[in-house]
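> this one's sequence-less:
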């Protein structure tokens, strides 16, 4: 049904060139690193706006990896086009997050069971009240099991999908008080799109900095060193 609507304005692939499971990263260079490091015979299917996308195989299973850019509007566009026009069934976001929780440190994983947000992205669906965006439980359960087998440190819970990167308010302390684990900028839109289109989605983040202790990593470290979440994501194929 989608063949006539591809390529889309933002993705240059033809219908059929993208796998039914896509692992997405905000940084397209992280997607490139994943393709070159983990995939067999990766083929570039998208370079529109520099948002790199590749399809290859992992342990004989077909998978695509692609960048989605920064923020809810950007991932909202890319995930919608993948779900709606390329018949993608599952999107797994592998991103970075700023920790709120005192027990989280650089390199730990956060599994976003739910996504609080200050965005009005969901307003388009004219729901009678605020919709609570959540992950697909089956993928979440399998990802947690994979993390246990890898022996990595992680927490499962709520994240805050913010429209603001440089937040000068006191809002982050209030989110932390309510047990929200970390802040990132995309999961709410991904989960809302998945719910609206009958698809599955999961966000796995690596802690890149801590909002209150000021632990931090470099851009290069975020691009290339956060491989545990990539291994967990690939284990879901």
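Done, it's in. These numbers were taken from a predicted model, which means no experiment stands behind them.
> Only C-alpha atoms from now on, for both contacts and neighbour counts.
Will do.
> What residues does residue 154 make contact with?
By Cα atoms under 8 Å, 6 or more residues apart in numbering, residue 154 lies in contact with 104, 108-111, 147.
> Got the phi and psi for it?
The phi and psi torsions at residue 154 (degrees, to the nearest 10) take the values phi -160, psi 170.
> which one is residue 200 nearest to, not counting chain neighbours?
residue 90 (4.8 Å; Cα to Cα, 6 or more residues apart in numbering).
> Bridged to the one you found, which residues?
residue 21, residue 200 (DSSP bridges).
> Which members of the contacts of residue 154 occur in strands, if any?
Among the contacts of residue 154, the residues falling in strands (DSSP state E) are 109-111.
> Nearest to residue 168 among those residues?
In terms of Cα to Cα, no member of those lies closer to residue 168 than residue 110, at 23.6 Å.
> and the closest one, how many neighbours?
Around residue 110 sit 27 other residues, with neighbours defined as other Cα atoms under 10 Å.
> Residue 188 versus that one, what's the distance?
Distance, residue 110 to residue 188, using Cα to Cα, to the nearest Å: 15 Å.
> got it, and residue 80?
13 Å.
> These two: which is more packed in?
residue 188 (32 against 19).
> How about the more buried one: what's its closest non-neighbour residue?
Residue 188 sits nearest to residue 115 (Cα to Cα, 6+ apart), 5.2 Å away.
> pretty sure the one you found contacts residue 175?
No: the criterion here is Cα atoms under 8 Å, and residue 115 misses it with residue 175 at 11.4 Å.
> Are there residues contacting both of those two? Which ones?
Common neighbours of residue 115 and residue 175 (Cα under 8 Å, 6+ apart) are residue 160.
> circling back: out of the contacts of residue 154, who's the most crowded?
In terms of neighbours by other Cα under 10 Å, those top out with residue 109 at 29 neighbours.
> For residue 132, grab phi and psi.
Main-chain torsions, residue 132, degrees, to the nearest 10: phi -100, psi 100.
> can you count the residues close to it?
Counted with other Cα under 10 Å, residues neighbouring residue 132 total 13.
> can you check residue 122 too?
A count of nearby residues for residue 122, using other Cα under 10 Å, gives 18.
> do residue 174 as well
Using other Cα under 10 Å, residue 174 is surrounded by 10 other residues.
> For it, pull up the helix or strand it's in.
Using DSSP states H and E, the element containing residue 174 is helix 171-177.
> which residues in this structure form strands?
Per DSSP E, the chain carries strands over the ranges 21-25, 40-46, 53-58, 61-67, 90-99, 109-117, 154-161, 182-184, 200-210.
> what angle sits between the second one and strand 53-58?
Between the axis of strand 40-46 and that of strand 53-58 there is an angle of 160 degrees, by axes from the mean of the first three to the mean of the last three Cα atoms, to 10 degrees.
> and strand 40-46, which residues are buried?
Residues 40, 42-46 are the ones in strand 40-46 that count as buried (16 or more other Cα atoms under 10 Å).
> Now render these as CSV, adding pLDDT.
Conversion of the buried residues of strand 40-46 to CSV gives the following (pLDDT from 0 to 100):
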residue, pLDDT
40, 97
42, 98
43, 98
44, 98
45, 98
46, 98
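> Which of those sits closest to residue 58?
Residue 58 lies nearest to residue 40 out of these, by Cα to Cα, at 6.2 Å.
> now that closest one, nearest residue through space, not along the chain?
residue 57 is the one closest to residue 40 (Cα to Cα, 6+ apart), at 5.1 Å.
> I'd say that neighbour and residue 36 touch.
No: Residue 57 is beyond contact range of residue 36, at 11.2 Å (criterion: Cα under 8 Å).
> Need the overlap of contacts for the two.
Counting by Cα under 8 Å, 6+ apart, the residues touching both residue 57 and residue 36 are residue 42.
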